[in-house]
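[1] Provide a 3D model corresponding to the input given below.
(one chain, ligands or ions: 1)
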Amino acid sequence: MINKEDIARMLGEIRELQCKSAKEVEEARVRLLGRKGVITALFEEFRSVAPEVKRELGRPLNELKQAAQARIEELKAGLGEESAAGPREDLTMPGDNFELGSRHPVSIVRQEIVDIFRKFGYDVAEGPEVEDDYHVFEALNFPPNHPARDMQDTFFVSTGHPNPLLLRTHTSSVQVRAMESMKLPIRVICPGRVFRNEAISARAHCIFHQVEGLYVDENVTFADLKQAILLFAREMFGPETQIRMRPSYFPFTEPSAEVDVSCNICHGKGCNICKGTGWLEILGCGMVDPNVLEASGIDSRKYSGFAFGMGLERIAMLKWRVNDLRHYFENDMRFLQEFAAAPEV
Ligand code: PHE
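    Presented below is the predicted three-dimensional model:
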């Protein structure tokens, strides 16, 4: 027989109801509120009790039903995550780490070179990538239509103008700007991106990076140049490194040289990186041609200087034995992540 005590006891039980899984919640719902559930049965019975009992039990019975519905909803919500995605979160677990990016190998090498020359007292100078013919060629002793211009195939931005705009083919243009604007003596290095109209292959690209350097003062000699390059090479490639200079030609330097460093992979024995010669070519250099000094308003009888320039991709290739220049520009994560362990500079 339906009575007040049973309803009160059931209410207590429902409030305490616990379930371990979504399946148990559903079972509890069916047991209490399903078509054949105990609460449903109480309502059936309620229909036929005497009016005074109805008055007494109507309200507690409704409360019981509402409490059961609310508790079932509560349990469902509490177990919702679990039923969708397995066990609940372990709040004591350590958080996820952010994955750090890594420096691009060209940036690492540039920073290393800049740091070395800063130690030697050089300042860093930068200039525009879209330059004019004057700063890239004319002021560097490339007369108009001089065949030496063919050494560097140029991307022109505007033509048909006496001083056309173009993408700089070397950062020597920044050295010209330094000579025009800085007080003597000048010691600058010019890191930057340069552009040449070349077919893209494993060994050449139409975009690459250089660091060029310039030192102009009284009595600067070729011996100073040689010493600066030797000190740089030893800082960069290790204290045992030897250099050798081979005569070369650049319109803006006289005399000019290409510099090789001793192969730090085979130590002169000959390997496939140095192609069996024991030497690796790393830069071009020379004494600044007096015409170049004069073009920027520097008295070439009083002052002399040296300049040098190197390609960063090439140095990075030697450092990490990368065999294809194109890797530097494709930004393939698998390639870039290899440098995550490189020193943070
Ligand atoms: N500007 C030359 C180049 O781009 C490099 C260089 C710089 C050579 C200074 C000599 C002196 O190849």
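
[2] Which residue ranges of the stretch 51-200 of the chain form strands?
    Remark: strands assigned in the stretch 51-200 of the chain by DSSP state E, counting those that start in this stretch are 123-124, 130-132, 165-167, 186-195.

[3] Looking at the closest residue to the ligand within the stretch 51-200 of the chain now. What's its pLDDT?
    Taking C-beta to the nearest ligand atom, the ligand has its nearest neighbour within the stretch 51-200 of the chain at H170, 3.2 Å off. To be clear about C-beta, it is placed using only N, CA and C from the backbone, and glycine gets the same treatment. With respect to pLDDT, H170 scores 95.

[4] quick one, what contacts it?
    V136, Q152, V194, Q210, E212, G309 (C-beta atoms under 8 Å, 6 or more residues apart in numbering).

[5] Kindly recompute the last result at 10 Å.
    131, 136-137, 140, 151-152, 190, 192, 194-196, 210, 212, 250, 252, 284, 309, 311 (C-beta atoms under 10 Å, 6 or more residues apart in numbering).

[6] Do the strand with the most length in the chain and the ligand come into contact?
    If you go by DSSP state E, the chain has its longest strand at strand 207-218. Yes. Under the criterion of C-beta under 6 Å from any ligand atom, the ligand is reached by strand 207-218 at E212.

[7] Tell me how far that strand lies from the chain's centre.
    Taking C-alpha atoms, centre = their mean, to the nearest Å, one finds the center of strand 207-218 at 25 Å from the center of the full chain.

[8] What sits closest to Q69 if chain neighbours are left out?
    Leaving aside its chain neighbours, Q69 sits nearest to L33 (6.8 Å; criterion: C-beta to C-beta, 6 or more residues apart in numbering).

[9] Could you tell me how many residues sit around the one you found?
    Residues within reach of L33, counting by other C-beta atoms under 10 Å, total 15.

[10] wait, it sits on A70?
    No. Judged on C-beta atoms under 10 Å, L33 makes no contact with A70 at a distance of 11.3 Å.

[11] Pull out the buried residues from stretch 247-256.
    Judged by neighbour count using 16 or more other C-beta atoms under 10 Å, the buried positions of stretch 247-256 are F250, P251, F252, T253, S256.

[12] Show me those residues that map onto strands.
    Per DSSP E, the buried residues of stretch 247-256 map to strands at F250, T253, S256.

[13] Quick one: mean pLDDT for stretch 331-341?
    Mean per-residue pLDDT for stretch 331-341: 86.

[14] Phi first, then psi, for the closest residue to the ligand within the stretch 201-345 of the chain.
    For the stretch 201-345 of the chain, the residue closest to the ligand is G309, as judged by C-beta to the nearest ligand atom, at 2.9 Å. Main-chain dihedrals, G309, degrees, to the nearest 10: phi -150, psi 140.
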